[in-house]
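Student: this one's sequence-less:
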Ligand SMILES: [Zn+2]
């Protein structure tokens with residue numbers, strides 16, 4: 001046993017030394033930034049230099065204080081504002097549309113157009129397109145809140161292996177839901193024991209976190225607005241098991257009892273909240289729970305509903321903002337073939353303008369998709385800010401997003417892990433997706 005661990009240590013030391021030497025050998029890439037937002041602070045810095053080695057940030061600081069390595073490739077973004085790659089906290093890469101009755105159980109095929117069934121492999125092809133659209137529009141990290149069964153694991157892995165372009169992904173595999181019919185990518189849980197078992201199964205299948213669909217009824221008070229899909233015992237058992245296994249739990253809880261129950265169950269984030277009362281907000285702040293809203297999609301969907309969804313959502317967002325809740329950027333984007341009217345994948349940045357319209361400063365809104373967004377997904381050690389040691393994930397806009405946040409709808413430069421995804425500022429194009 002003893003000499004086995006000694007060999008283990010020797011191999012580990014060799015591996016660490018080897019990768020360190022490898023990083024030193026790699027040709028450095030240098031970004032010259034006219035303005036820079038580091039993802040954390042409340043102001044922009046001017047005239048900054050970022051040195052990248054491999055997929056990580058090696059140095060960052062004011063021009064003149066940073067030594068530019070000999071032979072480094074220079075990327076001139078002196079006419080632009082450089083920011084961390086954006087993080088979306090709540091999306092669905094496989095969501096093709098919410099056609100009525102689409103895939104209520106696994107024996108019924110999902111439907112894109114009436115009468116046009118499609119399979120999981122077909123949905124996966126479309127998801128790969130959504131992933132590319134998200135990345136090219138500046139989202140270098142995305143959390144998929146369950147949409148493809150376990151195919152989201154394959155999508156994440158194919159991106160990580162460099163087979164297809166896309167954001168770094170965290171996936172939920174099957175969402176857990178109480179016994180109310182829902183799309184087939186959910187697993188129905190009908191007891192606390194089943195909840196614990198399903199957490200173990202999802203993690204074995206490759207989930208990075210657990211998703212609970214706590215609130216089934218979103219918009220119809222006659223059917224019990226905010227009625228939870230599961231009992232407090234079931235929800236608590238799922239959260240407890242997930243935390244025991246060291247993963248976070250994201251709970252979709254739109255309103256009322258489902259929101260309060262999810263707070264009490266210990267969820268790490270409340271997803272797509274549309275109506276939350278002051279006492280629940282107080283509990284959210286006290287427990288350090290994150291919240292996501294999806295303000296734009298709620299506004300769009302409200303137009304076709306006989307219910308003041310948009311007003312409730314706006315008031316809830318403002319209540320949370322005023323109380324100091326950690327709000328993470330989320331869109332809940334839908335696929336381009338759905339019946340919803342967007343925002344679609346690749347258009348997610350429109351949410352920034354809605355957040356600002358409802359009272360955030362532009363930099364607050366941007367932080368929700370950078371440092372706050374990273375903390376929400378448990379990745380603040382690797383993404384969400386421009387700091388030494390973090391992944392070299394950046395975007396650049398030609399204007400100043402701190403004055404006009406809609407500049408993020410027109411991102412001109414995207415880099416993920418030190419690789420250029422797009423560069424409309426100096427004309428060079430990536431070969432991603434053309435291999
Ligand atoms: Zn969702």
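Tutor: Arrived safely. As the structure is a computational prediction, the values presented were derived from the model and not from experiment.
Student: need the contact list for the residue in the stretch 51-200 of the chain that the ion sits nearest to.
Tutor: As assessed by C-beta to the ion, the ion sits closest to residue 145 within the stretch 51-200 of the chain, at 4.7 Å. (Glycine included, C-beta is placed from N, CA and C.) By C-beta atoms under 8 Å, 6 or more residues apart in numbering, the residues touching residue 145 are 90-92, 172, 175, 211, 250, 252, 271, 332.
Student: Would you check which of those residues are in contact with the ion?
Tutor: Contacts with the ion within these, counted by C-beta under 5 Å from the ion: residue 332.
Student: Would you list the buried entries among the contacts of residue 145?
Tutor: With burial judged by 16 or more other C-beta atoms under 10 Å, the buried subset of the contacts of residue 145 is 90-92, 172, 175, 211, 250, 252, 271, 332.
Student: Residue 66: which of the residues you listed is nearest?
Tutor: Residue 66 lies nearest to residue 91 out of the buried ones among the contacts of residue 145, by C-beta to C-beta, at 35.2 Å.
Student: Which residues does that closest one form beta bridges with?
Tutor: residue 144 (DSSP bridges).
Student: low pLDDT regions in the protein?
Tutor: Applying pLDDT under 70 to the chain flags residues 1-25, 96-118, 179-184, 216-225, 335-341, 427-435.
Student: Kindly report the residues of it close to the ion.
Tutor: 145, 332.
Student: what kind of secondary structure is residue 315 in?
Tutor: For residue 315, the secondary structure call by DSSP: H, G, I helix; E, B strand; the rest coil comes out as helix.
Student: Neighbours of it, how many?
Tutor: For residue 315, the count of nearby residues is 15 (other C-beta atoms under 10 Å).
Student: who are the neighbours in contact with it?
Tutor: No residues are in contact with residue 315 under the rule C-beta under 8 Å, 6+ apart.
Student: likewise residue 80?
Tutor: So residue 80 contacts 33-35, 396-398, 412-413, 425 (C-beta under 8 Å, 6+ apart).
Student: ok, now residue 299?
Tutor: Per C-beta under 8 Å, 6+ apart, neighbours of residue 299: 310, 313, 354.
Student: what's the answer for residue 237, then?
Tutor: By C-beta under 8 Å, 6+ apart, the contact set of residue 237 is 192-193, 195-196.
Student: SS state for it?
Tutor: State at residue 237, reduced to three classes by three-state DSSP: helix.
Student: Look up how far the ion lies from it.
Tutor: 22 Å (C-beta to the ion, to the nearest Å).
Student: Also residue 254?
Tutor: According to C-beta to the ion, residue 254 stands 10 Å off from the ion.
Student: okay but that residue is in contact with residue 262, surely?
Tutor: No: if you go by C-beta atoms under 8 Å, residue 254 and residue 262 don't touch, sitting 10.1 Å apart.
Student: List the contacts of stretch 351-364.
Tutor: So stretch 351-364 is contacted by 37, 42-43, 294-296, 299, 314, 317-318, 321, 327, 329-331, 343, 365-366, 368-369, 401-406, 408-409 (C-beta under 8 Å, 6+ apart).
Student: hmm, back to that, mind listing which of the contacts of residue 145 are in helices?
Tutor: Assigned to helices by DSSP state H, none of the contacts of residue 145 qualify.
Student: Make a markdown table from the contacts of residue 145 and add distance to residue 258 to it.
Tutor: Shown next, in a markdown table, are these (distance: C-beta to C-beta, whole Å):
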| residue | distance to residue 258 |
| --- | --- |
| 90 | 16 |
| 91 | 21 |
| 92 | 19 |
| 172 | 18 |
| 175 | 14 |
| 211 | 14 |
| 250 | 14 |
| 252 | 8 |
| 271 | 11 |
| 332 | 16 |
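Student: Restricted to strands, list the contacts of residue 145.
Tutor: 90-91, 175, 211, 250, 252, 271 (DSSP state E).
Student: okay, those residues in JSON lines with distance to residue 54 next?
Tutor: Output for the ones in strands among the contacts of residue 145, formatted as JSON lines (distance: C-beta to C-beta, whole Å):
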{"residue": "90", "distance to residue 54": "30"}
{"residue": "91", "distance to residue 54": "28"}
{"residue": "175", "distance to residue 54": "35"}
{"residue": "211", "distance to residue 54": "32"}
{"residue": "250", "distance to residue 54": "31"}
{"residue": "252", "distance to residue 54": "37"}
{"residue": "271", "distance to residue 54": "34"}
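Student: Among these, which one sits closest to residue 50?
Tutor: residue 91 (27.2 Å).
Student: Could you count how many residues lie near residue 357?
Tutor: 14.
Student: if I look at it, how far off is the ion?
Tutor: 22 Å.
Student: What of residue 270?
Tutor: For residue 270, the distance to the ion - C-beta to the ion - is 12 Å.
Student: Tell me if I'm right that that residue and residue 290 touch.
Tutor: Yes: Residue 270 lies in contact with residue 290 (C-beta under 8 Å); the separation is 7.4 Å.
Student: quick one, which of these two is more surrounded?
Tutor: More crowded of residue 270 and residue 290, by other C-beta under 10 Å: residue 270, with 27 against 24.
Student: Show me how the chain divides into domains.
Tutor: 2-85+385-423, 86-376 (automatic domain parsing).
Student: for these, which one ends up most surrounded?
Tutor: domain 86-376 (a mean of 21; mean count of other C-beta atoms under 10 Å).
Student: so how far is that domain from its chain's centroid?
Tutor: Relative to its chain's centre, domain 86-376 lies at 9 Å (C-alpha atoms, centre = their mean, to the nearest Å).
Student: Helices along the stretch 51-200 of the chain, start to end?
Tutor: 120-136, 151-160, 192-204 (DSSP state H, counting those that start in this stretch).
Student: To residue 305, which of those helices lies closest?
Tutor: Counting by C-beta to C-beta, residue 305 lies closest to helix 120-136 out of the helices of the stretch 51-200 of the chain; the figure is 25.3 Å.
Student: For that closest one, name the packing helices and strands.
Tutor: Where contact means 3 or more C-beta pairs under 8 Å, 6 or more residues apart in numbering; DSSP states H and E, helix 120-136 is packed against helix 151-160, strand 413-416, strand 419-423.
Student: okay, those in TSV with distance to residue 204 next?
Tutor: Below are the helices and strands packed on helix 120-136 laid out as TSV (distance: least, C-beta to C-beta, whole Å):
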stretch	distance to residue 204
helix 151-160	11
strand 413-416	29
strand 419-423	32
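Student: To residue 52, which of these lies closest?
Tutor: strand 413-416 (8.1 Å).
Student: List the pairing partners of the closest one within its sheet, with orientation.
Tutor: Strand 413-416 is paired, per DSSP bridges, with strand 394-397 (antiparallel), strand 419-423 (antiparallel).
Student: sorry, back to before: for my notes, please list the helices of the stretch 51-200 of the chain in CSV and give distance to residue 348 for each entry.
Tutor: As requested, the helices of the stretch 51-200 of the chain are exported to CSV (distance: least, C-beta to C-beta, whole Å):
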stretch, distance to residue 348
helix 120-136, 7
helix 151-160, 17
helix 192-204, 25
